[in-house]
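Engineer: no sequence for this one, just the structure:
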């Protein structure tokens with residue numbers, strides 16, 4: 001695992017607590033809460049593996065030997081940076097920055113010495129238009145919106161070769177027609193069950209290469225505890 005200098009370690013300390021743990025890059029940083037720590041341990045191995053697989057399988061040209069990558073709902077841009085370290089270029093992270101996590105992304109990129117990572121502060125909705133990239137990762141965004149089918153369709157359109165999806169699903173029910181807006185106990189967002197999410201995504205993105213399910217131990221409510229992952233080929 002690559003190591004970072006004492007100067008860069010100091011840089012992480014000056015930035016303060018982050019949404020993600022950056023030990024993947026040989027770094028040591030403080031995370032915002034135990035909730036984030038537990039959930040990243042569940043999500044990161046699957047998402048990182050999907051990014052690595054998609055990168056390896058992308059068709060490239062001599063003019064563009066590395067696949068391009070976009071992360072939607074990127075928060076602090078962690079998976080944008082993972083994709084860059086794995087060899088994707090350029091890598092773009094997009095988020096509305098409603099919680100301020102994106103403010104630290106450029107500083108982290110500089111500390112890690114990554115190239116070709118860029119970030120855009122923007123809403124992501126059915127009218128959003130961003131330049132197509134070889135790989136698009138829609139991570140943790142679909143359960144935050146009221147129209148996930150339309151956002152998913154737009155994400156699928158943006159991807160030239162692969163789409164990666166991660167979303168929270170409810171464990172309180174597994175009915176294959178369950179869909180609730182707003183999410184239970186919230187005034188916003190939505191919720192699918194594991195089965196209803198699979199039914200929805202299979203209708204819109206039929207070429208599923210792999211899918212996975214696990215639980216998010218940082219979330220106590222059954223309605224927030226399930227997590228689904230999909231690797232989809234265009």
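Structural biologist: Received, thanks. Since this is a predicted model, take the numbers as computed values, not measurements. Numbers count the residues shown, from 1 in each chain.
Engineer: not counting sequence-adjacent ones, nearest residue to residue 110?
Structural biologist: Using CB to CB, 6 or more residues apart in numbering and skipping the chain neighbours, the partner closest in space to residue 110 is residue 11 (7.8 Å). Where C-beta positions appear, they are placed from N, C-alpha and C, glycine not excepted.
Engineer: any idea which helix or strand comes after the host helix or strand of the one you found?
Structural biologist: Assessed by DSSP states H and E, residue 11 sits inside helix 6-15. Helices and strands here follow DSSP H and E; after helix 6-15, the next one along the chain is helix 34-57.
Engineer: on that earlier part again, does the residue nearest to residue 110 touch residue 107 like I think?
Structural biologist: Yes - the criterion here is CB atoms under 8 Å, and residue 11 meets it with residue 107 at 7.4 Å.
Engineer: show me which of these two is the more surrounded one.
Structural biologist: residue 11 (18 against 15; other CB atoms under 10 Å).
Engineer: tell me how far that one lies from residue 104.
Structural biologist: With distances taken as CB to CB, to the nearest Å, residue 11 is found 11 Å from residue 104.
Engineer: go through stretch 100-117 and flag the buried ones.
Structural biologist: 101-102, 104-105, 108-109, 111-112, 114, 117 (16 or more other CB atoms under 10 Å).
Engineer: give me the mean pLDDT for it.
Structural biologist: Stretch 100-117 shows a mean pLDDT of 94.
Engineer: quick one: contacts for the residue nearest to residue 110?
Structural biologist: For residue 11, the contact set (CB atoms under 8 Å, 6 or more residues apart in numbering) comprises 107, 110-111.
Engineer: out of those residues, who's nearest residue 155?
Structural biologist: Nearest to residue 155 among these, counting by CB to CB, is residue 107 at 27.2 Å.
Engineer: tell me the SS of the closest one?
Structural biologist: helix (DSSP: H, G, I helix; E, B strand; the rest coil).
Engineer: the one 4 residues further on now?
Structural biologist: Taken by three-state DSSP, the conformation at residue 111 corresponds to helix.
Engineer: just residue 124 next, same as before
Structural biologist: Residue 124 ends up coil, using three-state DSSP.
Engineer: wait, residue 199 touches residue 178, no?
Structural biologist: No - using CB under 8 Å, residue 199 makes no contact with residue 178, being 9.7 Å away.
Engineer: neighbour count: these two, which is higher?
Structural biologist: Neighbour count, other CB under 10 Å: between residue 199 and residue 178, residue 178 has more, with 18 against 15.
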